[in-house]
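S.K.: No letters, just coordinates:
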């Protein structure tokens, strides 16, 4: 995974970067793996034409960005008419760069790097014949010149497009669960360098942290799991005038699927627009978590939430999906 992180960083850390450049890289990873595995028994079932790699340009009030989407089919996934569930892996950010205000890759880029590296690793595995049970859909966006904005305690990256645009482009109805990866260093709530997992959020309910996902996190990091504290206001839509830790939980307002946030964290408060703040090994750990979650979720060995317990909560206290209701889309930060 670290190799793929380094390759993606090299491509993103330039003013000319865009979605087409990253899509070409991902196609090259797949083609190279298929060529190397040609003629081996494991590769006989691989159909590279079943993989989807698309780039969609979206323009907003403050510029534009390229959304990159990768669909890696599973052996028993929905794309093949199978029953294995589909995992969505989203890289959330405002932009990978803040040019001309800042030169270089910004801290906020970590979510995009982790998602694209995860996609590259999945494509490399798929091309060599290591096909997961379920489909995996990876999506993020690439913008080298996003704006910045004030935030407490440190400045955030802004985005050329709104959260509504991000959710429309990144959330796929086929996703049965979502891992949302986002740089979450601009706070004083979690003073730890590495990665941390949020509680599961579904339809306005903040549920207990998944034991299965905690197990994956501890396996990947080799240390005790760290949990990101979130509040009710963090899972409400941007633009409603209340403080949000960042956009890590915003996918939960646009889907009925369970969503977990995977935060790339730091020991001190680091601005999202800071350069020189990305730690490659932490990003690789986030990618490895997403990959292992995809393996276990697709084969039915990892649950994001307890469906029976969720149904009981709704029965006792009613639905909370009013918290998913749209707010004025005046806050474009992603």
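M.R.: Sure, I can see it. None of these values were measured; they are calculated from a predicted model.

S.K.: what about the helices in the stretch 151-300 of the chain?
M.R.: Under the criterion DSSP state H, counting those that start in this stretch, the stretch 151-300 of the chain carries helices at the ranges 163-170, 211-221, 280-298.

S.K.: for the second one, the distance to its chain's centre please.
M.R.: With CA atoms, centre = their mean, to the nearest Å as the basis, the distance from the averaged C-alpha position of helix 211-221 to the chain average is 17 Å.

S.K.: For residue 13, give me its contacts.
M.R.: Contacts of residue 13 were listed using CB atoms under 8 Å, 6 or more residues apart in numbering, and they are 96-97, 104-105. Any C-beta I mention is one placed from the backbone N, CA and C, and that applies to glycine too.

S.K.: The residues you listed: which two are farthest apart?
M.R.: For the contacts of residue 13, the farthest-apart pair by CB to CB is 96 and 104; their separation is 9.8 Å.

S.K.: Those two: which is more packed in?
M.R.: residue 96 (35 against 18; other CB atoms under 10 Å).

S.K.: State the number of residues packed around residue 272.
M.R.: For residue 272, which is what you asked about, the neighbour count (other CB under 10 Å) is 30.

S.K.: Roughly how far does it sit from residue 111?
M.R.: Between residue 272 and residue 111 the distance, using CB to CB, to the nearest Å, works out to 10 Å.

S.K.: what's the answer for residue 155, then?
M.R.: Separation of residue 155 from residue 111 (CB to CB) stands at 17 Å.

S.K.: beta partners for the most centrally placed residue in the chain?
M.R.: The central residue of the chain, meaning the one whose C-alpha is nearest the mean C-alpha position (CA atoms, centre = their mean), is residue 90 at 2.4 Å. The bridge-partner assignment for residue 90, based on DSSP bridges, gives residue 139, residue 180.

S.K.: For it, list the residues it contacts.
M.R.: 111, 115, 138-140, 170-171, 178-181, 251.

S.K.: residues near residue 129, how many?
M.R.: A count of nearby residues for residue 129, using other CB under 10 Å, gives 16.

S.K.: if I read this right, it contacts residue 47, doesn't it?
M.R.: No - look at residue 129 against residue 47 with CB atoms under 8 Å: they stay out of range, at 11.3 Å.

S.K.: can you map out the strands along the stretch 201-334 of the chain?
M.R.: 201-202, 205-206, 259-265 (DSSP state E, counting those that start in this stretch).

S.K.: neighbouring contacts of the second one?
M.R.: So the one you mean is strand 205-206. Contacts with strand 205-206, where a contact means CB under 8 Å, 6+ apart, come from 199-200, 230, 232, 235, 310, 313-314, 320.

S.K.: overlap in contacts of residue 272 and residue 111?
M.R.: Overlap between the neighbourhoods of residue 272 and residue 111 consists of residue 183, taking contacts as CB under 8 Å, 6+ apart.

S.K.: How many residues are close by the residue lying closest to residue 120 once chain neighbours are set aside?
M.R.: Counting by CB to CB, 6 or more residues apart in numbering, residue 4 is the residue found nearest to residue 120 once chain neighbours are left out, at 4.1 Å. Each residue near residue 4 was counted by other CB under 10 Å, and the total is 25.

S.K.: Doesn't residue 4 belong to a strand?
M.R.: No - residue assignment for residue 4, taken from DSSP: H, G, I helix; E, B strand; the rest coil, gives helix, which places it outside any strand.

S.K.: Please name the residues that touch it.
M.R.: For residue 4, the contacting residues are 29, 116-118, 120-121, 124, 287, taking CB under 8 Å, 6+ apart as the criterion.

S.K.: wait, which of the contacts of residue 90 is closest to residue 299?
M.R.: Distances from residue 299 to the contacts of residue 90, taken by CB to CB, are shortest for residue 179, at 16.1 Å.

S.K.: residues near residue 239, how many?
M.R.: 17.

S.K.: didn't it look like it was pressed against residue 163?
M.R.: Yes - with contact taken as CB under 8 Å, residue 239 and residue 163 are classed as touching, separated by 7.4 Å.

S.K.: quick one on the thing from earlier: any chance of the strands of the stretch 201-334 of the chain in a markdown table, with distance to residue 57 and mean neighbour count too?
M.R.: Output for these, formatted as a markdown table (distance: least, CB to CB, whole Å; neighbours: other CB atoms under 10 Å):
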| stretch | distance to residue 57 | mean neighbour count |
| --- | --- | --- |
| strand 201-202 | 30 | 26 |
| strand 205-206 | 35 | 20 |
| strand 259-265 | 26 | 27 |
